[in-house]
Each structure stands twice: as structure tokens, then as C-alpha cells.
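Chemist: only geometry, no sequence info:
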């Protein structure tokens with residue numbers, strides 16, 4: 001594909017040979033001749049001079065680039081579209097594999113692909129163009145929209161609802177029982193029945209080995225466009241807002257409410273029954289135990305405002321020196337008091 005064709009498809013401004021032939025895409029450190037790369041993080045600026053790529057996507061104001069280039073408002077997003085120009089996802093033929101088990105009462109469209117060892121229970125409804133790869137389990141009365149893609153060993157439990165264009169990566173579980181137990185007088189734990197479904201809205205992706213638990217009562221809901229990384233735990237009756245990112249190993253205790261367009265970075269966590277406002281960012285390994293206002297950036301455990309946290313951690317690294325200075329001052333005070341007493 002010629003560079004000018006890529007520029008037109010990506011709506012980028014081209015600088016350099018428009019007839020340059022591009023055969024693929026790659027990261028800036030691994031790119032070879034004929035490939036297109038990108039620069040969006042200034043940490044990789046020095047790699048531009050060393051890359052073997054034939055062309056590069058850069059920002060609107062980037063200068064001194066020794067390669068043919070495409071200028072984009074958001075190079076990372078433009079590169080994401082460029083990948084789609086060269087990558088062809090596997091196609092799956094319509095039909096139900098002989099090794100799949102499908103209830104007679106399930107409604108499966110003719111264009112669906114149901115792979116080997118899948119199980120589809122009674123009264124399940126699945127929309128058009130679905131792909132269930134292999135070993136996928138759909139429990140009874142589940143409702144699933146169009147363009148559903150379920151990778152191997154993913155599960156949708158009973159009565160759960162899945163919107164359109166939802167992707168479940170390997171081992172994702174939607175609607176497993178929430179962690180609800182009541183202590184009896186004898187000290188033993190009594191399981192509380194988890195009656196409420198998990199509801200996954202349109203354009204959500206849940207990645208490998210993550211769990212979205214069903215609710216004790218009410219519902220657990222993942223908003224439109226939310227993305228859930230690997231090994232994330234969403235507790236019962238949580239609400240996750242639209243276009244929110246939950247990164248790897250995030251944990252939400254039951255009944256947490258996360259706003260729209262939030263980012264919870266890796267291993268961050270929220271205690272139960274709290275509200276995190278729209279547009280909030282929790283940095284890696286932060287843990288909040290109280291409500292967080294809209295648009296805040298919090299860090300630490302227990303988490304507090306990021307700018308204050310940065311100052312606090314700056315002081316933390318100086319504590320040994322501060323301790324030595326304090327001890328020296330204490331000794332000086334003792335010496336001065338002793339002199340005063342002698343007088």
C-alpha cells in the first residue's frame with residue numbers, strides 16, 4: 001500500500017514520497033524497511049534516528065524527523081487505525097460444530113459460529129454474527145446482542161445480558177456469584193443467594209481471566225464502551241461507567257460506583273459502597289476507601305490527592321536525612337539547656 005493511500009485512509013497530512021510502498025506496521029524499535037511506525041511518547045524520541053522503518057506517524061508539531069512522515073493529531077490513535085489496514089482477523093464460518101451442545105430452546109442465528117465443546121443452555125438468545133470459539137459456556141436465559149465474540153473458556157451465567165459488539169477474552173466470566181455471606185449465630189457463614197444479573201452494555205471488552213460478579217439483589221452493570229483488563233475483579237452490584245478503563249488486577253468491592261471515563265490503573269482498588277466521580281484517575285496501586293470527587297487524580301494507599309501524594313513521597317525519601325538532622329538538633333538543644341542551667 002502506498003504511503004499516500006494510507007494518509008488518505010487515516011486522514012493524515014503527508015510529508016515525503018507519496019509513492020513509498022508500505023508493507024506493514026511495527027513499533028519504533030522493531031520496525032524494518034517497508035514498515036510504518038509511530039511516535040507518540042517523547043521517551044522514544046531518540047529512537048527515531050535509529051529506527052529502520054520507512055515512514056513514521058508523528059504529531060502535528062514534531063520537527064527534525066529524518067523519515068517520510070504522516071502528521072496526525074493523535075499518532076497513537078492513527079497507528080491503531082493503521083494496524084487495521086494490514087491485519088486481517090481470522091474468519092469463522094457459520095455453523096454449529098458437532099461437538100457443541102446446544103439446547104433445542106436456544107435461539108441461535110444461522111450466521112453464528114459455535115465452535116467445538118461449546119455449551120448453550122435452555123432459552124438462551126444470541127444475536128447475529130456471533131462467534132463462540134471453543135469451550136464457551138452460556139447458561140440458561142442469557143441474552144446476548146449482535147457481533148458477540150467469546151474466546152475459549154469464557155462464560156456467561158444465567159439471566160445475564162450482553163449488548164452488541166461485546167468481546168470476552170479467554171477465561172472471562174460474566175455473572176459468577178458475588179461474594180456474599182452472612183454470619184450465623186454459631187459463627188458459620190451462610191451463603192446469600194445471588195439473584196441479580198450482570199449486565200454488559202454495548203462495545204465492552206473484558207479481557208482474560210477477569211470476573212464480573214452478579215448481584216445479590218439488583219444488578220451489576222458495565223457501561224457502554226468500558227474496557228476491563230486481565231485479572232480484574234468487579235464485585236457484586238457494582239456500576240462501572242461508560243468508557244471507563246479498569247487496568248490489570250484492579251479490584252472493586254461490592255456496590256462500588258465508578259463514573260464515566262475514569263481510569264483505574266494497575267492494582268488500584270475501591271472499597272465497597274463508595275462513589276468515584278466522572279473522569280477520575282487512580283494511579284497504580286492506589287486504594288480508595290471513601291468517595292472521590294469528579295475529575296480527581298488520586299494516588300497512594302490509602303489514596304489521596306495526587307499532587308499532595310507526590311510531595312509526601314518526596315519527603316518520604318528524605319526521612320533518613322531528616323531524622324539525622326532532627327537528632328542533631330535535639331543534641332544541640334540538650335547542650336544549650338545544660339549550658340543555661342550552669343549559669
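Modeler: That came in fine, so what should we check first? Computed from a prediction, not measured in an experiment: that's the story for all the values here. Numbers count the residues shown, from 1 in each chain.

Chemist: and residue 335, what pLDDT?
Modeler: pLDDT, residue 335: 88.

Chemist: mind checking how far the one helix or strand it maps to is from the chain centre?
Modeler: If you go by DSSP states H and E, residue 335 is part of helix 306-342. On the basis of Cα atoms, centre = their mean, to the nearest Å, helix 306-342 sits 43 Å off its chain's mean C-alpha point.

Chemist: what do you get for stretch 204-220?
Modeler: That offset, for stretch 204-220, works out to 14 Å (Cα atoms, centre = their mean).

Chemist: And that stretch, end to end?
Modeler: 14 Å (Cα to Cα, to the nearest Å).

Chemist: Flag every buried residue along that stretch.
Modeler: Buried residues in stretch 204-220, counted by 16 or more other Cβ atoms under 10 Å: 204-208, 210-216, 219-220. The C-beta positions use only the backbone N, C-alpha and C, and glycine is treated the same way.

Chemist: Counting only strands, which of the residues you listed make the cut?
Modeler: Among these, DSSP state E puts 205, 206, 211, 212, 220 in strands.

Chemist: could you redo those residues as CSV and give each row pLDDT and distance to residue 160?
Modeler: Below are those laid out as CSV (pLDDT from 0 to 100; distance: Cβ to Cβ, whole Å):
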residue, pLDDT, distance to residue 160
205, 98, 16
206, 98, 12
211, 98, 12
212, 98, 9
220, 98, 9
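
Chemist: Include distance to residue 337 when you put these into TSV, please.
Modeler: As requested, these are exported to TSV (distance: Cβ to Cβ, whole Å):
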residue	distance to residue 337
205	68
206	67
211	63
212	65
220	65
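
Chemist: Kindly indicate which of the residues you listed lies nearest residue 77.
Modeler: residue 205 (16.6 Å; Cβ to Cβ).

Chemist: Mind listing the residues bridging to the closest one?
Modeler: Assessed by DSSP bridges, residue 205 has beta-bridge partners residue 167, residue 227.

Chemist: Look up how far residue 22 lies from it.
Modeler: For residue 205, the distance to residue 22 equals 28 Å [Cβ to Cβ, to the nearest Å].

Chemist: quick one: the helices in the chain?
Modeler: For the chain, applying DSSP state H gives helices covering 3-10, 75-86, 306-342.

Chemist: what's the closest of the ones you listed to residue 293?
Modeler: helix 306-342 (12.7 Å).

Chemist: which helices and strands sit right next to that closest one?
Modeler: strand 297-299 (3 or more Cβ pairs under 8 Å, 6 or more residues apart in numbering; DSSP states H and E).

Chemist: The strand it packs on pairs with which strands, and in what direction?
Modeler: Strand pairing for strand 297-299, determined by DSSP bridges: strand 281-282 (parallel), strand 304-305 (antiparallel).

Chemist: looking at these, which is buried most?
Modeler: Mean neighbour count (mean count of other Cβ atoms under 10 Å) peaks for strand 281-282 among these, with a mean of 24.

Chemist: what mean pLDDT does that one have?
Modeler: Strand 281-282 comes out at a mean pLDDT of 98.

Chemist: try stretch 139-159
Modeler: Averaged across stretch 139-159, the pLDDT comes to 98.

Chemist: what does it contact?
Modeler: Stretch 139-159 has contacts (Cβ atoms under 8 Å, 6 or more residues apart in numbering) with 103, 121-138, 160-176, 197-198, 202, 214.

Chemist: Quick one: end-to-end distance for that stretch.
Modeler: Stretch 139-159 has an end-to-end distance of 8 Å (Cα to Cα).

Chemist: so what's residue 322 up against?
Modeler: By Cβ under 8 Å, 6+ apart, the contact set of residue 322 is residue 315.

Chemist: where's it relative to residue 296, distance?
Modeler: Distance of residue 322 to residue 296, computed by Cβ to Cβ: 29 Å.

Chemist: likewise residue 2?
Modeler: Distance from residue 2 to residue 296, by Cβ to Cβ: 47 Å.

Chemist: The two - which one has more neighbours?
Modeler: For residue 2 versus residue 296, the count of surrounding residues by other Cβ atoms under 10 Å is larger for residue 296: 19 against 13.

Chemist: what residues are up against the more buried one?
Modeler: Taking Cβ under 8 Å, 6+ apart, one finds 277, 280, 281, 305 in contact with residue 296.

Chemist: Relative to residue 339, which of these is nearest.
Modeler: Closest approach between the contacts of residue 296 and residue 339, by Cβ to Cβ: residue 305, at 45.4 Å.

Chemist: so can I have TSV of the buried residues of stretch 204-220 showing distance to residue 85?
Modeler: Listed next are the buried residues of stretch 204-220 as TSV, based on distance: Cβ to Cβ, whole Å:
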residue	distance to residue 85
204	25
205	21
206	27
207	24
208	26
210	30
211	35
212	33
213	39
214	40
215	42
216	47
219	39
220	37
